[in-house]
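Chemist: sequence and predicted model, in that order:
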Amino acid sequence: MLVFSLTVAGCGERPEAGKEQARQNIDNAVEQTKDATAAAARKAADLAEKARDNTVSFFKSPEVKQDVEAAKQAVKNAGAQLGSKTNDAALTASVSAAIARDPELGPRHIDVASQDGTVRLSGSAPSAEARSRAEQIARTVQGVDAVDNQIAVTATQ
């Protein structure tokens, strides 16, 4: 009976010892996971800091500054060209309308073209006075800087 008691007593302790070992193993695994997570977080922070430093250095580099300045200038030039084309079209329309209102010049075909504030007149006028009047009308339109008068005087029959 003594042998049986020791055996039963030994069986009763073994499961408790196994549970304790399992708890210890779990605790060790949790601790290792915490350590690995902390190390990974430190590594990620170091890499992020290096990436930030590299990015700052990249954007402060003379090459990037030069590229940014070139892009800004290209956008500015494109805007100026678009504005210039819009102004030229408006100027051409305004001069054409002003000439069309003149009783002697209106029925005539006078071509008007504009570029950068300079208006070119071409076509025909019945007299030198009408030719001069077309130029004077063009000069009165706001935005006209110069007039290139190529209107030919043709006698009417």
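Modeler: Yep, it's here.
Chemist: what segments of the protein are helices?
Modeler: 2-60, 62-100, 128-140 (DSSP state H).
Chemist: the closest residue to residue 104 other than its chain neighbours and residue 16: what is the separation?
Modeler: Nearest residue to residue 104, sequence neighbours excluded (C-beta to C-beta, 6 or more residues apart in numbering): residue 130, at 5.3 Å. Bear in mind the C-beta positions are built from the backbone N, C-alpha and C, glycine included. Note on residue 130: its distance to residue 16, by C-beta to C-beta, to the nearest Å, is 121 Å.
Chemist: okay, these two: which has more neighbours?
Modeler: Between residue 130 and residue 16, counted using other C-beta atoms under 10 Å, the more crowded position is residue 130 (18 against 9).
Chemist: ok, the more buried one touching residue 103?
Modeler: No: contact criterion C-beta atoms under 8 Å: residue 130 and residue 103 do not qualify, at 10.3 Å.
Chemist: in this protein, which helix or strand is least confident?
Modeler: Of all helical and strand segments in the chain, the minimum by mean pLDDT, DSSP states H and E falls on helix 2-60, at a mean of 77.
Chemist: mind listing what residue 146 touches?
Modeler: Counting by C-beta atoms under 8 Å, 6 or more residues apart in numbering, residue 146 makes contact with 117, 118, 119.
Chemist: any idea how this structure splits into domains?
Modeler: 2-60, 85-153 (automatic domain parsing).
Chemist: what is the mean pLDDT for the last one?
Modeler: Right, domain 85-153. Mean per-residue pLDDT for domain 85-153: 89.
Chemist: that older thread, deepest of the domains of the chain, which one?
Modeler: Mean neighbour count (mean count of other C-beta atoms under 10 Å) peaks for domain 85-153 among the domains of the chain, with a mean of 16.
Chemist: off-centre distance for that one?
Modeler: On the basis of C-alpha atoms, centre = their mean, to the nearest Å, domain 85-153 sits 39 Å off its chain's mean C-alpha point.
Chemist: rewinding a little: ok, now which ones touch the residue nearest to residue 104?
Modeler: With C-beta under 8 Å, 6+ apart, residue 130 has these contacts: 104, 105, 108, 153.
Chemist: so can I have a markdown table of those showing distance to residue 53?
Modeler: Formatted as a markdown table, the contacts of residue 130 follow (distance: C-beta to C-beta, whole Å):
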| residue | distance to residue 53 |
| --- | --- |
| 104 | 76 |
| 105 | 71 |
| 108 | 72 |
| 153 | 75 |
